[in-house]
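A.B. asks: got a sequence here, can you build the structure:
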Amino acid sequence: MDENKKSNKIQSTKSNELVTVAESPVAAEALQRAIDYFGNVFRLSNSVGFKRNGNFYDILSSKKRIGPLIALKVEAATKGYVKRHELCPNYDWSLVPPTDWSSINEKGEQTHMYYTTLEHDGVKKAFNRAVEYFGSVTGLSRALQYESCSRVSQVIHGKTKVGPLLALKIEALTKGHVTRQELCPDYDWLIFPPFDWSKSEC
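C.D. replies: The predicted structure follows:
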């Protein structure tokens, strides 16, 4: 391995390993509670914006793992009755602040419209500000607990879209200096109420 690659290698404190319901009884029980909350898989699928029920059936049969974005959507849809850390127990949730779901009056619909930095100038400027906030690509990568700088570089060069989970993490890490709405402008943020970063110790 050359010296540049060595210098970009970053140690992670969490494995962030995703699990199937067969591998995690906690996740299996949490997903069943989510289904019971809505009455059936069809209603749960609609609540998180899935166009087909097969996504959850694949999860129930352990063909797919439960990712952090699905965990956040289910927590939002159940207004905290099913927790993100129950569905995705090995994920490092410290970068995503807890939410008071009792303050939510309506869910809103998911738009699923994400952009690369080449597709949206506002997203590009916001992401560049996040890099500047930490001083470098390496600094932002370390803050995000990525193992290397390649993931941040891919976003900068327009090879990867900025999704809502990354937007939430960056908003948290910059304490609101770069907001979720700037990074993911067409996402329906109604299920995530505003957060007062001045009171945060994150």
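
A.B. asks: going forward, measure contacts between C-alpha atoms and count neighbours the same way
C.D. replies: OK.

A.B. asks: mind listing what the most centrally placed residue in the chain touches?
C.D. replies: Central residue check for the chain by C-alpha atoms, centre = their mean: the C-alpha nearest the mean position is that of L165, 2.3 Å away. Neighbouring residues of L165 by C-alpha atoms under 8 Å, 6 or more residues apart in numbering: 68-69.

A.B. asks: ok, 10 Å please
C.D. replies: The neighbours of L165, taking C-alpha atoms under 10 Å, 6 or more residues apart in numbering as the test, are 68-69, 72, 95-96, 171, 180, 184.

A.B. asks: now, which of those residues lie within helices?
C.D. replies: Applying DSSP state H to the contacts of L165, the entries found in helices are 68-69, 72, 171, 180.

A.B. asks: which one of these is nearest to N55?
C.D. replies: For the ones in helices among the contacts of L165, the closest approach to N55 (C-alpha to C-alpha) belongs to L69, at 13.2 Å.

A.B. asks: from L166, how far out is the closest one?
C.D. replies: 10 Å (C-alpha to C-alpha, to the nearest Å).

A.B. asks: more crowded one of these two?
C.D. replies: Set L69 next to L166 and count neighbours by other C-alpha atoms under 10 Å: L166 wins out with 18 against 15.

A.B. asks: just the element for that one, please.
C.D. replies: In this assignment (DSSP states H and E), L166 forms part of helix 164-173.
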